[in-house]
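*Asks:* quick one, structure for this:
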Amino acid sequence: MFTRFRSMPVTAMAAVLGCALMTTAAPAAAQDKPKKEKPKKGEEAKGGGIAVSKGFIPAAKKMEDASKAKDAAALQAALAEGQSSATTPDDKYLVGFYQLQLGILNKDQASQAQGLDAMLETGKTPAENLGVYNFYSGNFAYGAKDYPKAIQRLEAAKAAGSTESGLAPMLMDSYLNGGQIDKGWEIAKAGIDAARAAGAKPSEELYVRPAQAFQKANRTNEMLDVLAMRVQDYPTPATWRNTLYIVLQQAAGDKDMTLDILRLMKATNSMTQRPEYLEYSAMAVEAGFPGEVVAVIKHGQANSVIPKTDAHFNGILESQEPRAATDAAVVAADAAKEATLKNPKAARSTADALVGNGEAAKAIPLYEAALAAAPGDALVQYRLGVAQALAGQSDAAAASFAKVQGPRQRLAQLWTIRAKAGAAPAAPAAAAAPTTGS
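*Replies:* Below is the predicted model:
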């Protein structure tokens with residue numbers, strides 16, 4: 001389900017970073033004699049001047065020549081000389097710069113990271129380069145799982161105005177992996193909000209990684225909050241299943257709640273395994289809803305999860321179809337009786353049967369009557385919203401679900417998303433071959 005971000009491959013990093021350096025003039029290399037020991041007036045403010053010490057000049061010249069010739073061996077030797085003779089921040093900045101060039105030539109990520117660190121630590125990096133240098137230093141730290149350093153560098157890149165597309169996801173993931181889950185989620189949420197405001201679909205990783213972090217921290221409710229947001233932008237059977245399966249685990253032992261969760265799984269086409277149909281059909285038989293039993297088995301057959309030759313399910317159909325026909329007639333007759341509307345318990349049970357029989361619109365007035373008699377009944381309030389959603393009354397359903405309190409509040413939230421999305425997402429094009437037997 002969950003995947004970890006990958007840092008940029010070394011070769012891709014070298015190419016991108018190399019291009020960035022090509023657009024920035026290399027710091028002034030030493031000449032036979034330095035014109036000045038310090039940058040010209042105003043030059044330092046622009047970030048355009050590096051003035052090396054006199055004793056560093058020979059090594060600096062060798063490093064420059066080797067770098068221009070792309071001679072890695074010569075550059076390595078010159079760097080060794082430069083490291084021993086560098087005494088000022090400017091000298092050390094040049095050593096870092098050419099260490100970076102050597103890393104690019106050799107496609108050596110460690111060398112590139114060392115060069116960037118050396119440059120940044122001198123405080124001499126030109127302002128216009130702070131964003132890109134900090135970003136790539138943060139990327140290297142992220143790849144090495146040094147999350148505190150990655151956070152430090154990536155925050156610095158952000159402050160310097162970096163517009164790298166990978167910055168926010170990598171910073172988010174660094175916070176998450178560093179144990180600062182709330183900060184990571186804050187960054188992810190900002191990215192989600194920005195994408196939605198721009199009319200774009202947020203990256204799915206902005207949901208996946210925080211959800212994983214919340215899961216590891218046993219913060220299940222917050223994990224489900226994230227997954228509910230994810231299913232709004234990615235309302236596929238797979239994402240619905242992923243979310244509802246976790247909700248299903250929480251309901252272990254509560255048959256009534258489990259049946260309601262399975263109903264939502266059916267409504268979102270996220271039932272993809274035979275055992276789910278076994279559990280759903282068994283519970284519906286036990287609850288006395290033969291029409292719903294038949295409907296769920298035929299749903300499984302239509303989605304190719306249940307083969308039409310499945311002896312177990314065919315046996316259930318053989319016993320339940322005659323009952324479903326009889327029950328449908330009785331339920332229709334009861335729904336038309338004034339006495340049913342005046343009896344809250346009868347109204348609710350009749351409405352439940354109508355929904356199971358696929359007649360959600362007819363169930364709505366019965367639920368409303370039951371709710372009028374017991375305004376605080378959270379179960380009736382919830383099932384009224386379900387009937388309205390299945391009947392296509394999305395606004396009314398959302399209003400009903402907003403009033404649901406208690407254990408079905410999470411289901412009400414998810415049903416609201418389903419109601420606003422309209423019809424159920426299409427079932428997967430191809431399902432794994434189901435097993436047979438009881």
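*Asks:* residues contacting the closest residue to Ile192 other than its chain neighbours?
*Replies:* In this structure, Ile192 finds its nearest non-sequential neighbour in Pro202, 4.3 Å apart by C-beta to C-beta, 6 or more residues apart in numbering. Placement of C-beta: from N, CA and C, glycine included. Going by C-beta atoms under 8 Å, 6 or more residues apart in numbering, Pro202 touches 191-192, 195-196, 233.
*Asks:* how close does Pro202 get to Asp193?
*Replies:* 8 Å (C-beta to C-beta, to the nearest Å).
*Asks:* tell me the first helix or strand C-terminal of the lowest-mean-pLDDT helix or strand in the chain.
*Replies:* Lowest mean confidence among the helices and strands of the chain (mean pLDDT, DSSP states H and E): helix 43-46, at a mean of 30. Going down the chain from helix 43-46, the next helix or strand is helix 57-68, by DSSP states H and E.
*Asks:* quick one: low-confidence parts of this structure?
*Replies:* Applying pLDDT under 70 to the chain flags the ranges 1-48, 423-424, 426-438.
*Asks:* specify the local secondary structure of Pro202.
*Replies:* coil (DSSP: H, G, I helix; E, B strand; the rest coil).
*Asks:* how much space between it and Pro169?
*Replies:* 11 Å.
*Asks:* what is in contact with those two at once?
*Replies:* Counting by C-beta under 8 Å, 6+ apart, the residues touching both Pro202 and Pro169 are Gly191.
*Asks:* wait, Ala287 touches Leu262, no?
*Replies:* No: the criterion here is C-beta atoms under 8 Å, and Ala287 misses it with Leu262 at 11.4 Å.
*Asks:* the two: which is more packed in?
*Replies:* Legend: neighbour count by other C-beta atoms under 10 Å for Ala287 and Leu262, higher for Leu262 (23 against 17).
*Asks:* quick one, what contacts the more buried one?
*Replies:* 248, 271, 276, 279-280, 283.
*Asks:* go with 7 Å
*Replies:* By C-beta atoms under 7 Å, 6 or more residues apart in numbering, the residues touching Leu262 are 276, 279-280.
*Asks:* in which helix or strand would I find it?
*Replies:* Short version, using DSSP H and E: Leu262 is in helix 255-267.
*Asks:* residue boundaries of the helices in the stretch 51-200 of the chain?
*Replies:* 57-68, 72-85, 89-106, 109-122, 127-143, 147-159, 167-177, 181-197 (DSSP state H, counting those that start in this stretch).
*Asks:* Throw those helices into TSV and include mean neighbour count and distance to Pro307, thanks.
*Replies:* As requested, those are exported to TSV (neighbours: other C-beta atoms under 10 Å; distance: least, C-beta to C-beta, whole Å):
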stretch	mean neighbour count	distance to Pro307
helix 57-68	20	68
helix 72-85	17	64
helix 89-106	24	59
helix 109-122	21	53
helix 127-143	22	48
helix 147-159	20	49
helix 167-177	23	43
helix 181-197	17	41
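*Asks:* may I see the ones you listed organised as TSV, with distance to Val293 added?
*Replies:* Putting those into TSV (distance: least, C-beta to C-beta, whole Å) gives the following:
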stretch	distance to Val293
helix 57-68	76
helix 72-85	73
helix 89-106	67
helix 109-122	60
helix 127-143	52
helix 147-159	52
helix 167-177	44
helix 181-197	40
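*Asks:* check contacts around Ile306.
*Replies:* 274, 277, 297, 300, 313, 434 are the contacts of Ile306 under C-beta under 7 Å, 6+ apart.
*Asks:* how about it, nearest residue that isn't a chain neighbour?
*Replies:* Counting by C-beta to C-beta, 6+ apart, the residue nearest Ile306 is Gly300, at 3.7 Å.
*Asks:* what about Gln320, which SS state?
*Replies:* Going by three-state DSSP: Gln320 is helix.
*Asks:* quick check: it vs Ala168, distance?
*Replies:* For Gln320, the distance to Ala168 - C-beta to C-beta - is 53 Å.
*Asks:* burial measure for Ala339, as a count.
*Replies:* Applying other C-beta under 10 Å, I find that Ala339 has 9 neighbouring residues.
*Asks:* name the nearest residue to it, sequence neighbours excluded.
*Replies:* Closest to Ala339 by C-beta to C-beta, 6+ apart is Ala346, at 7.5 Å.
*Asks:* next SSE downstream of the helix or strand where that neighbour lies?
*Replies:* Assigned by DSSP H and E, Ala346 belongs to helix 344-356. Sequence-wise, the next helix or strand downstream of helix 344-356 (DSSP H and E) is helix 360-373.
*Asks:* buried residues in that next one, which are they?
*Replies:* Going by neighbour count (16 or more other C-beta atoms under 10 Å), the buried part of helix 360-373 is 360, 362-364, 366-371.
*Asks:* for stretch 344-352, same thing?
*Replies:* 344, 346-352.
*Asks:* most widely separated two among these?
*Replies:* Pro344 and Asp352 (12.6 Å; C-beta to C-beta).
*Asks:* helices of the stretch 201-350 of the chain, start to end?
*Replies:* 205-216, 220-233, 237-250, 255-267, 274-287, 290-302, 311-335, 338-342, 344-356.
*Asks:* out of the ones you listed, flag the one nearest Val132.
*Replies:* helix 205-216 (22.7 Å).
*Asks:* CA atoms only for the closest one - export them in PDB, please.
*Replies:* Backbone C-alpha positions of helix 205-216 (Å, rounded to 0.1, in the frame of the first residue of the first chain) are rendered in PDB as follows:
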ATOM      1  CA  GLU A 205       1.900  10.600  -2.000                       C
ATOM      2  CA  LEU A 206       0.700  13.600   0.000                       C
ATOM      3  CA  TYR A 207      -1.900  11.300   1.500                       C
ATOM      4  CA  VAL A 208       0.000   8.000   1.500                       C
ATOM      5  CA  ARG A 209       3.100   9.000   3.500                       C
ATOM      6  CA  PRO A 210       1.300  10.800   6.300                       C
ATOM      7  CA  ALA A 211      -1.200   8.000   6.500                       C
ATOM      8  CA  GLN A 212       1.600   5.500   6.900                       C
ATOM      9  CA  ALA A 213       3.200   7.700   9.600                       C
ATOM     10  CA  PHE A 214      -0.100   8.000  11.600                       C
ATOM     11  CA  GLN A 215      -0.500   4.200  11.200                       C
ATOM     12  CA  LYS A 216       2.900   3.500  12.700                       C
END
